[in-house]
Structure formats: C-alpha cells, structure tokens
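Trainee: Give me a model of this one.
(2 chains)
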Amino acid sequence: MECEAAVSCHDVTLAIGGRTVLSDVCLSVEAGSFVGLFGPNGAGKTTFLRALLGLVPVLSGEMTLFGASVTRGNRGVGYMPQSRTPNGGMLTGRDLLASGLSGEKWGLPRVSREGSAEVEAALEAVDAASLGGRRLGSLSGGERQRLLIAQTLLGSPRLLLLDEPLASLDPVRMREVALLLREVARKRGMTVICSAHDISPLMGVMDTVLCLVRGRARIGPVDEVVTGPVLSELYGAQVEVCHAPSGRVLVSADGL
Amino acid sequence: MLAYDFMRMAFAASACVALLAGPVGWFLALRGQSFAGHALSHIAFAGAAGAALLGVSPLAGLLGAAVLAGGAMGLTGRETGERDVAIGLVLSLAMGFGVLFLHLMTRSTSTAMALLFGNVLGVSAGMLASLAGAAVGGLAALGALSRPLLFASLQPELAEARGVRLRLVSTLFLMLVGAATAECAQITGVLLVFTLMVGPGAAAQRLGLAPLAGMVCAAVLALGEAWGGLALSWWTDWPVSFWIAVLSVVVFFLAGLRRL
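Mentor: Below you'll find the predicted structure:
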C-alpha cells in the first residue's frame, strides 16, 4: 500500500479574477480513495480541480500530488473537463481519443500503432469499443460521457480529476456512469476526485467526501460528512439525509 | 487549352492556392470559424486596395492585411457571442475603406473587378513564384501546427491542461487563414474566397474521414474544383470564379448525400 498522499494541500489559497475562491485550505487525499467533490455553484470546485492541473496559480501555501509539486501537463493526471465543444461532430470516438495522444507536440496528427493500441485498450476498459467507430455527433449524453472517461485513461494516470461527469444524465445513466467509474478506478488502483451537484448517485461509489463552501474545505469519510446536521451547516440551509429501506441514501435540501 | 501560356500559369497558380486552402478550410469548418475566414478576405480587400492606392503591389497589401488581421483576431477575446457582431462590424468597415481607396484611385474599375472576383487568367511568372512560396510556407506551418490545433479544437480544456497554449495556437492558425485567404483571393477574388477555402473543407468534414485523411481529401477536392472551374471556364467562356463557386456547392451537397 502506498502511504503517501495522492493530493495534499497546506494553507492553500486560490483566486480567480481577483476574487478569492478558497482560502487557507488544508487537506490530504489518501492514495486509492474515491473522493466526491461537492459544494454550491461558484464554490470553487472547478477552480480547485484546475489548480491541481496547474492551470490556476496557487496564491499561497503548498499543493502537491504524490509528493511532487503541481505542474501543468503532468501525465500522471487524467482529466475530464466539464464543458464540451460541439466541434468535430463528424469525427469518430477513436479520432477524439487519438487527438489527445501527445496532442501538445507540434507536427502532423499521425497516430502510431502503439497509439491506436492504447486508444483501443482505453475504449475496452470502459466497454466502449463499439463507440469508437461512431460519429461524435450521433452519440447520446451517456455514450459521450463513457467515451470521455476512456479518454482520461490514456497514459495510465494515477489520479483522475473529473469535473461533473454526471451532469445532464438521467438518474439511471448517472448511476451507470458512477459505477463504471468505481470499477475502473478499483481495477487500476487510481485515486479519483469527482465533482458533482447531486450527492446521491455517488453514494456507495465514493469513500470520501470533500465539501467546498464559502472558501473553506471540509473532508471526511462519507458516513461522517453525509449527515443532516453537517450538510445543513455546510450549505447554510436545511438538508435532509434519508436512509431508504433498500439501503440507499438520499440527500434532499429544504424546499425540494 | 494547355497550349496557351496563360492557361498553364492559371493551372499552376490555382494548384498552389488549392493545396493550401483545402486543409486550412478543413480546420475552419472543424472549428466553426468560417465566418472569421470570410471576414479576413474582406479585410484583405481593404489592404489590397490601399496598397494599390499607394503604388505598392496589391498582393503584398492583400497578404499583409490578412495575416495581421488574423493575428489581431486571434489575440483579442474569444467570447463567441460578441464575436460575430465584432467580426461583422470590422468586415463592413474594411469593405468601406476598400471602396474609399478604390474611389481615390483613377484606374479603379479593372483593379476593383480583379480584387473582388479574381483574375486567375492574368497571373504573371512573378506572381506564380510568390503564390508557390506562400503555399509551401503555409503548408509547412500547417504541418507543424495541425497536431496541437486538432487537440485544441476537439478538447480545448484538456489540451490546455496538457500544456497546449490555446491563444498561441489559435492566433497562429488565424494568421495562416489570413495567408490562405490572400492566396485564394488571387484566384476567386475576395468575395468568393469562401468557395475555394470553406467549401472543400466542409465537404471533406461531411465525409467523416479521420483527421489526416480529411485534410488530404480537402486539398484534393479544392484542387479538383479549381482545375474543374478553369476547364469549364475555357469551354464556356464564363468566369472561372463562377464555375468554382458552382462546383464548390455541388461537391458540398454530394458529400452530404453520401452520409445518408
């Protein structure tokens, strides 16, 4: 077992456009854990993930990944951004994945034999081999999400940063994608930080919860953080956590 | 028809232009920036008219204005919503200046017609050499740029995280579009640059080929349309630009049929 932390922050302050988003955050994410990242809109979930990628400068404090300081272009980190471009609707899933294979280098977008083997392996790992030949414009939201998860596996990263991978999916697809993420992460021994709006679909998938609220961070095991009193205090509104007879846990805010 | 020197020149010149315009157009269609390409040609028109007024070679004015405007377009913001309006305004202003420059010139009509609708049958040996030079330089630049450009077009945020400098890549690309536009304007005129640049690229996109094959296909289609236009113009005595425009639209629709 690795004992070093996958992510560690000491007194980290992040700002975007002059506005402080997170201040003096101290936290540590154990290697191999699956972290659900929550918080209200604008709380800094995306900023936090982008800081881990080296895209947002750390104003003060220290942020390390597996003991090394954060650098842009770190191949040990897989990333799934939140926004999707409509570009390339006529290209296939394989083309999309292949474009990321050393896509930062100058030259022609030629795909080597090893490159296409890696793309195939990534597609198979998420059961998406059949999506590889389909045009991007013809994929449903869930299929596209699956393809983008395959994309994060290229380069065999140790850490996955997923920004809202469950956004705009129906409840069944949400759960499917969440379970797929857990399976892939376990098989490959990856650490995952996955942001989401809805806590329920990640119950049973994540083992750690990280909440960002009003510039502060709170991290802890699921059963300690996902409780009515803790969430109510964090969000500043009445939040109820219901344990259904089936063993499922549902989280609902007041007024819903 | 190849017995005439001016026809051989025209075929050679349009080959230079088409081979660069096709792949550049493929990326324009991929990135949804064809309106920007269209605007660059109008800015190039103002540059060429201004150069003619000052007694400088119009080709230099065309190339200079288009490349500089492409660079400026890439360096300024990327808010797409406002961008359409900004591009439209700059485009109209450039056309306005172009008209003013032509008005200030005495020998305006033939120059204006050549700039607006192209004059491929009047290509001189010197012009052919500069077109060939620009084509070789442009293709070399596109060859170096295409990999990060493809990545940035398909997955911009991931590309940024992997170390691609998005602003630099998009600025270099728009400068290249400027160069290709200036070249194209020699053949089709500034008003019909779209036909040779975006038409073949968009048709190749519709065929759903892998990126590298798509770029090659766009170059081949552009070459076919340019040469086809020349040949049809020879037989019918109608303008080359007209025939290229017709072929471009026909090929685009045929490419769409294949998809069904």
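Trainee: Could you look up the SS state of the residue nearest to A:Ala196 when sequence neighbours are not counted?
Mentor: Among residues not flanking A:Ala196 along the chain, A:Leu166 sits closest, at 5.4 Å (Cβ to Cβ, 6 or more residues apart in numbering or on different chains). (Glycine included, C-beta is placed from N, CA and C.) The assignment at A:Leu166 comes out as coil when based on DSSP: H, G, I helix; E, B strand; the rest coil.
Trainee: In contact with A:Leu166, which residues?
Mentor: Contacts were defined as Cβ atoms under 8 Å, 6 or more residues apart in numbering or on different chains; by that measure A:Leu166 touches A:Gln145, A:Met174, A:Val177, A:Ala178, A:Ala196, A:Asp198, A:Pro201, A:Leu202.
Trainee: Pretty sure the third one sits against A:Arg144.
Mentor: No - using Cβ atoms under 8 Å, A:Val177 makes no contact with A:Arg144, being 10.6 Å away.
Trainee: Those two: who's more crowded?
Mentor: A direct count of neighbours by other Cβ atoms under 10 Å in any protein chain shown for A:Val177 and A:Arg144 places A:Val177 higher, at 24 against 20.
Trainee: any idea which helix or strand carries B:Ala48?
Mentor: Under the criterion DSSP states H and E, the helix or strand holding B:Ala48 is helix B:34-54.
Trainee: list the buried ones in that helix?
Mentor: B:34-53 (16 or more other Cβ atoms under 10 Å in any protein chain shown).
Trainee: Next: stretch B:110-127.
Mentor: By neighbour count with 16+ other Cβ under 10 Å, stretch B:110-127 contains the buried residues B:Thr111, B:Ala112, B:Ala114, B:Leu115, B:Leu116, B:Phe117, B:Gly118, B:Asn119, B:Val120, B:Leu121, B:Val123, B:Met127.
Trainee: Redo those as a markdown table? Include distance to A:Tyr235.
Mentor: Shown next, in a markdown table, are the buried residues of stretch B:110-127 (distance: Cβ to Cβ, whole Å):
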| residue | distance to A:Tyr235 |
| --- | --- |
| B:Thr111 | 69 |
| B:Ala112 | 66 |
| B:Ala114 | 68 |
| B:Leu115 | 63 |
| B:Leu116 | 62 |
| B:Phe117 | 64 |
| B:Gly118 | 64 |
| B:Asn119 | 69 |
| B:Val120 | 67 |
| B:Leu121 | 73 |
| B:Val123 | 70 |
| B:Met127 | 69 |
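Trainee: Looking at the residues you listed, which are in helices?
Mentor: Those of these mapping onto helices are B:Thr111, B:Ala112, B:Ala114, B:Leu115, B:Leu116, B:Phe117, B:Met127, per DSSP state H.
Trainee: any chance of these in CSV, plus distance to B:Gly214?
Mentor: Formatted as CSV, those follow (distance: Cβ to Cβ, whole Å):
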residue, distance to B:Gly214
B:Thr111, 37
B:Ala112, 36
B:Ala114, 33
B:Leu115, 31
B:Leu116, 31
B:Phe117, 29
B:Met127, 30
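Trainee: Name the nearest of these relative to B:Gly256.
Mentor: When these are compared for distance to B:Gly256 (Cβ to Cβ), B:Phe117 comes out closest, at 27.2 Å.
Trainee: Could you measure from the closest one over to chain A?
Mentor: For B:Phe117, the distance to chain A under the criterion Cβ to the nearest Cβ, to the nearest Å works out to 32 Å.
Trainee: likewise B:Ala18?
Mentor: When Cβ to the nearest Cβ is applied, the distance between B:Ala18 and chain A equals 19 Å.
Trainee: quick one: that residue and B:Gly229 touch, right?
Mentor: No - under the criterion of Cβ under 8 Å, B:Ala18 is not in contact with B:Gly229, lying 10.0 Å apart.
Trainee: Now do the contacts for the residue nearest to the spatial centre of chain A.
Mentor: When Cα atoms, centre = their mean is applied to chain A, the residue found nearest the centroid is A:Leu162 (1.7 Å). For A:Leu162, the contacting residues are A:Tyr79, A:Met80, A:Ile149, A:Thr152, A:Leu181, A:Val192, A:Ile193, A:Cys194, A:Ser195, by Cβ under 8 Å, 6+ apart.
Trainee: Keep these, but drop any that are not near chain B.
Mentor: By Cβ under 8 Å from any Cβ of the partner chain, the members of these lying near chain B are A:Tyr79, A:Met80.
Trainee: just to revisit the earlier point, quick one: least confident of the contacts of A:Leu166?
Mentor: Across the contacts of A:Leu166, no position has a lower pLDDT than A:Asp198, which has 86.
Trainee: Do I have it right that that residue meets A:Met174?
Mentor: Yes - counting by Cβ under 8 Å, A:Asp198 touches A:Met174, with 7.5 Å between them.
Trainee: Which one of those two is surrounded by more residues?
Mentor: Neighbours were counted for A:Asp198 and for A:Met174 using other Cβ under 10 Å; A:Met174 has more, 21 against 14.
Trainee: which SSE is that one in?
Mentor: Secondary structure assignment for A:Met174, by DSSP H and E: helix A:171-188.
Trainee: Just give me how far that helix sits from the chain centre.
Mentor: 12 Å (Cα atoms, centre = their mean, to the nearest Å).
Trainee: Which strands or helices does that helix pack on?
Mentor: Helix A:171-188 is packed against strand A:34-38, helix A:113-125, helix A:141-153, strand A:159-162, strand A:191-195, with contacts defined by 3 or more Cβ pairs under 8 Å, 6 or more residues apart in numbering or on different chains; DSSP states H and E.
Trainee: what's the closest of the ones you listed to B:Phe252?
Mentor: Evaluated with Cβ to Cβ, the helices and strands packed on helix A:171-188 place helix A:141-153 nearest to B:Phe252, the distance being 26.8 Å.
Trainee: How far does that closest one sit from its chain's centre?
Mentor: Its chain's C-alpha centre and that of helix A:141-153 lie 12 Å apart, by Cα atoms, centre = their mean.
Trainee: Convert it to CSV, retaining C-alpha atoms only.
Mentor: The C-alpha coordinates for helix A:141-153 follow below in CSV (Å, rounded to 0.1, in the frame of the first residue of the first chain):
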residue,chain,number,x,y,z
GLY,A,141,-25.1,12.1,-23.5
GLY,A,142,-24.3,8.9,-21.6
GLU,A,143,-22.3,7.5,-24.5
ARG,A,144,-20.3,10.6,-24.8
GLN,A,145,-19.5,10.6,-21.1
ARG,A,146,-18.3,7.0,-21.4
LEU,A,147,-16.0,8.0,-24.3
LEU,A,148,-14.6,10.9,-22.2
ILE,A,149,-13.9,8.5,-19.3
ALA,A,150,-12.0,6.3,-21.7
GLN,A,151,-10.1,9.5,-22.7
THR,A,152,-9.0,10.1,-19.1
LEU,A,153,-7.3,6.6,-19.0
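Trainee: For the residue of the stretch 151-260 of chain B found nearest chain A, give me the pLDDT.
Mentor: Residue nearest to chain A within the stretch 151-260 of chain B: B:Phe151 (2.9 Å; Cβ to the nearest Cβ). Model confidence at B:Phe151, expressed as pLDDT, equals 96.
Trainee: To which secondary structure element is it assigned?
Mentor: Using DSSP H and E, the secondary-structure element containing B:Phe151 is helix B:125-154.
Trainee: element containing the closest residue in space to B:Gly70 that isn't next to it in sequence, please.
Mentor: The shortest distance from B:Gly70 to any non-neighbouring residue, by Cβ to Cβ, 6+ apart, is to B:Gly178 (3.3 Å). Using DSSP H and E, B:Gly178 sits within helix B:166-188.
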